[in-house]
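Chemist: Output the structure for:
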Amino acid sequence: MPASNFRFIDLPTSAERLGTTRNQILQWVSEGRIKPFSGKGQQSVFRTSDVDKFGEALRTETSGDDTPPQEMEESSPPQQVVALGQQEATRTRRRDAIKLMGTRLSMDSRWAEMSDKDIATWLDALEPVQYERVQKVANIAIERLQRVLEMIRAFEERSKSEENR
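Modeler: Predicted coordinates:
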């Protein structure tokens, strides 16, 4: 694991460092396998050294297999599952959806600060060859934001129907 200059790291950074998901770390916390320095749930903060030691222990667990060779062949399917889980953890490390969405929405909320004059000034400075690309990017952003609104409505409806049960 890469060395860190920080003594403490948050839950998302811990998950990235261990190559797993936030929920998996929270599961390990509830099992008592790793302890946050402070906070609970999504607000957990961990000592960097604790996360690194835990990562070493996890690697030792997965590599310290004393299974005889003939039993290893019979257990190939579970190893494939572990390999798939590691691939999924790698994807999670590269793309933490919670961080991505939070960052994107906080940046997009700044559109309210933009006046028509700001937009016109920017367009005036834009090269005409860029119009098509800007339109494409803007349309993609609009489509994604509309999808966010649709999904929020669906979650709200589902929550209300679960409350009414």
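Chemist: Where does pLDDT dip in this structure?
Modeler: Residues of the chain meeting the criterion pLDDT under 70: 1-5, 64-95.
Chemist: Okay, strands next: where are they in it?
Modeler: Assigned by DSSP state E, the chain shows strands spanning 8-10, 45-47.
Chemist: How is this protein divided into domains?
Modeler: The record's domain parsing of the chain by automatic domain parsing lists 8-66+85-95, 114-163.
Chemist: Burial-wise, tell me which of the ones you listed comes out on top.
Modeler: Of all those, domain 8-66+85-95 carries the top mean neighbour count, a mean of 15, counting by mean count of other CB atoms under 10 Å. Glycine gets a C-beta too; all of them are placed from N, C-alpha and C.
Chemist: rewinding a little: so can I have CSV of the domains of the chain showing distance to T103?
Modeler: Listed next are the domains of the chain as CSV, based on distance: least, CB to CB, whole Å:
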stretch, distance to T103
domain 8-66+85-95, 11
domain 114-163, 14
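Chemist: quick one: which of those domains is nearest L105?
Modeler: domain 114-163 (7.8 Å; CB to CB).
Chemist: Please state the offset of the closest one from the chain centre?
Modeler: The chain centre lies 22 Å from the centre of domain 114-163; the measure is CA atoms, centre = their mean, to the nearest Å.
Chemist: And stretch 11-28, by the same measure?
Modeler: 9 Å.
Chemist: Please save the CA atoms from it in PDB.
Modeler: Included here for stretch 11-28 are C-alpha records, laid out as PDB according to Å, rounded to 0.1, in the frame of the first residue of the first chain:
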ATOM      1  CA  LEU A  11     -14.000   5.900   5.200                       C
ATOM      2  CA  PRO A  12     -13.900   6.400   1.400                       C
ATOM      3  CA  THR A  13     -10.100   6.800   1.400                       C
ATOM      4  CA  SER A  14      -9.800   3.700   3.600                       C
ATOM      5  CA  ALA A  15     -12.000   1.700   1.200                       C
ATOM      6  CA  GLU A  16      -9.800   2.900  -1.800                       C
ATOM      7  CA  ARG A  17      -6.700   2.000   0.100                       C
ATOM      8  CA  LEU A  18      -7.900  -1.500   0.900                       C
ATOM      9  CA  GLY A  19      -9.400  -2.000  -2.600                       C
ATOM     10  CA  THR A  20     -12.900  -2.600  -1.300                       C
ATOM     11  CA  THR A  21     -16.200  -0.900  -0.700                       C
ATOM     12  CA  ARG A  22     -17.400   1.300   2.100                       C
ATOM     13  CA  ASN A  23     -20.000  -1.200   3.000                       C
ATOM     14  CA  GLN A  24     -17.400  -3.900   3.400                       C
ATOM     15  CA  ILE A  25     -15.400  -1.800   5.700                       C
ATOM     16  CA  LEU A  26     -18.500  -1.000   7.800                       C
ATOM     17  CA  GLN A  27     -19.100  -4.700   8.000                       C
ATOM     18  CA  TRP A  28     -15.600  -5.300   9.200                       C
END
